[in-house]
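**Student:** generate coordinates for the sequence data below:
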Amino acid sequence: MALPTFASFREEHKSIERQLREYALTKWGRRLVDEITVEGWKRGGAQELRASNNRARIEFLRATLKTFAASEAVSAGSEFFFVTLSPKEFAVPFEEAAGFDQETIKSWAGGLLEGFHYIGIVEAAYYSNYSIVPGTRSTTVSWHVHAVAWGCDKRSVEAVVDAVNRDYKALIPGKRPADKRTLDAEGIVPDIIYMLKGQLRDYRVYLLKREEMNEETGEFTTVLTDDFEQKKRPLRKGDAVKMLKVMGTRTIPMLCLSGGEGAAIWADAQAEARQIIMKQNEITERLIA
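**Tutor:** Numbering: from 1, shown residues only. Predicted structure coming up:
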């Protein structure tokens, strides 16, 4: 799979927005798309940096890559760590996802990353065929954190990851709730792009199968194992709208967390993204006046 770039990020987010705007005009779309979702798509939603607004996502990424590239961490040749924290404790049935308080996972993750320089963001992953409630067919939303940390040694980061893997369970049995990668300034860029994406993917979970031979007959049969495999595909339009409704009026800054030098990177990126969008909106308003 090709690594994400700013160009591919921009095109994918513009494409899904075009599809959803067309979907909103259909019979099913009109039933599903609510006023808050429509407001989030508008120019005002972009300027507020709504998490449901794709232009806000694009401009926030553009500003983040610029401020990150100009940071002292990059000029100093720092080693970077891409950390994912996704314990089952922050996964909820879809019906409860809109009411989830992102401050709970931000506070938890911030405590784990205390003392590090880092930028991070809360993300919501949609599992369309996996229920966290036994015996139900409810879909699941897994709230989790991606973060880029630096200015720390590998052992310190490994200690955080090991502690989470020891003390928490993953949503999917047999998987780990925490992971990390070590990269240089150039290598970490695709991970920054990845962690700032909007609601684009549907995660699907399957029990793995294996073939067993009957020793008496020599015949092979396929049986289910206790091991799970996770795959992903683009969100269907209806599910994409549902996830935008989960985001509701949340803004990208509301989902962000940071520590040390990372606080200035997020603050500068947010200010620059808002300024760019404001100028774009002013130009648009002059053209249509």
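**Student:** ranges for the strands of the stretch 101-250 of the chain?
**Tutor:** 117-127, 140-150, 178-183, 201-213, 220-234 (DSSP state E, counting those that start in this stretch).
**Student:** same list (the ones you listed) but as a markdown table, adding mean pLDDT and distance to residue 193.
**Tutor:** (C-beta placed from N, C-alpha, C; glycine too.) Below are these laid out as a markdown table (pLDDT from 0 to 100; distance: least, CB to CB, whole Å):
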| stretch | mean pLDDT | distance to residue 193 |
| --- | --- | --- |
| strand 117-127 | 97 | 12 |
| strand 140-150 | 98 | 11 |
| strand 178-183 | 96 | 13 |
| strand 201-213 | 77 | 14 |
| strand 220-234 | 73 | 16 |
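**Student:** got the contact list for the spatially most central residue of the chain?
**Tutor:** Residue closest to the average C-alpha location in the chain (CA atoms, centre = their mean): residue 123, at 3.5 Å. Going by CB atoms under 8 Å, 6 or more residues apart in numbering, residue 123 touches 143-146, 195, 197, 255.
**Student:** at 6 Å instead, please
**Tutor:** By CB atoms under 6 Å, 6 or more residues apart in numbering, the contact set of residue 123 is residue 144.
**Student:** quick check: beta-bridge partners of it?
**Tutor:** Judged by DSSP bridges, the bridge partners of residue 123 are residue 144.
**Student:** go on, residue 83?
**Tutor:** Assigned bridge partners for residue 83, using DSSP bridges, are residue 147, residue 180.
**Student:** could you measure from it over to residue 132?
**Tutor:** The spacing between residue 83 and residue 132, counted by CB to CB, to the nearest Å, is 23 Å.
**Student:** what's the answer for residue 173, then?
**Tutor:** On the measure of CB to CB, residue 173 and residue 132 end up 12 Å apart.
**Student:** which one's more surrounded, the two?
**Tutor:** A direct count of neighbours by other CB atoms under 10 Å for residue 173 and residue 132 places residue 132 higher, at 18 against 12.
**Student:** wait, what's in contact with that one?
**Tutor:** Residue 132 touches 91, 140, counting by CB under 6 Å, 6+ apart.
**Student:** hmm, 10 Å instead?
**Tutor:** 88, 91-94, 96, 138-142, 171 (CB atoms under 10 Å, 6 or more residues apart in numbering).
**Student:** of these, grab the buried ones for PyMOL.
**Tutor:** Only the buried entries of the contacts of residue 132 go into this PyMOL selection, using 16 or more other CB atoms under 10 Å:
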select buried, resi 88+91+92+94+139+140+141+142+171
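**Student:** which one of the contacts of residue 132 is nearest residue 162?
**Tutor:** residue 88 (17.4 Å; CB to CB).
**Student:** pretty sure the closest one is touching residue 176, no?
**Tutor:** No: using CB atoms under 10 Å, residue 88 makes no contact with residue 176, being 11.4 Å away.
**Student:** got any ranges where the stretch 1-150 of the chain has weak pLDDT?
**Tutor:** Along the stretch 1-150 of the chain, segments meeting pLDDT under 70 span 1.
**Student:** for it, which segments count as helices?
**Tutor:** 6-23, 27-32, 35-41, 43-47, 54-69, 72-75, 94-97, 102-112 (DSSP state H, counting those that start in this stretch).
**Student:** touching the fourth one from outside, list them.
**Tutor:** By CB under 10 Å, 6+ apart, the list of residues contacting helix 43-47 from outside reads 36-40, 50-60, 249, 251, 273-278, 280-282, 284-285.
**Student:** circling back to that earlier point, return every residue with contacts to both of residue 173 and residue 132.
**Tutor:** Residues within reach of residue 173 and of residue 132 at once, by CB under 10 Å, 6+ apart, are residue 88.
**Student:** okay, now the residue nearest to residue 137 when sequence neighbours are not counted: neighbour count?
**Tutor:** Spatial nearest neighbour of residue 137, chain neighbours left out: residue 131 (6.1 Å); criterion: CB to CB, 6 or more residues apart in numbering. The number of residues packed near residue 131 is 15, by other CB under 10 Å.
**Student:** what's residue 131 sitting at in phi/psi?
**Tutor:** Main-chain torsions, residue 131, degrees, to the nearest 10: phi -110, psi 130.
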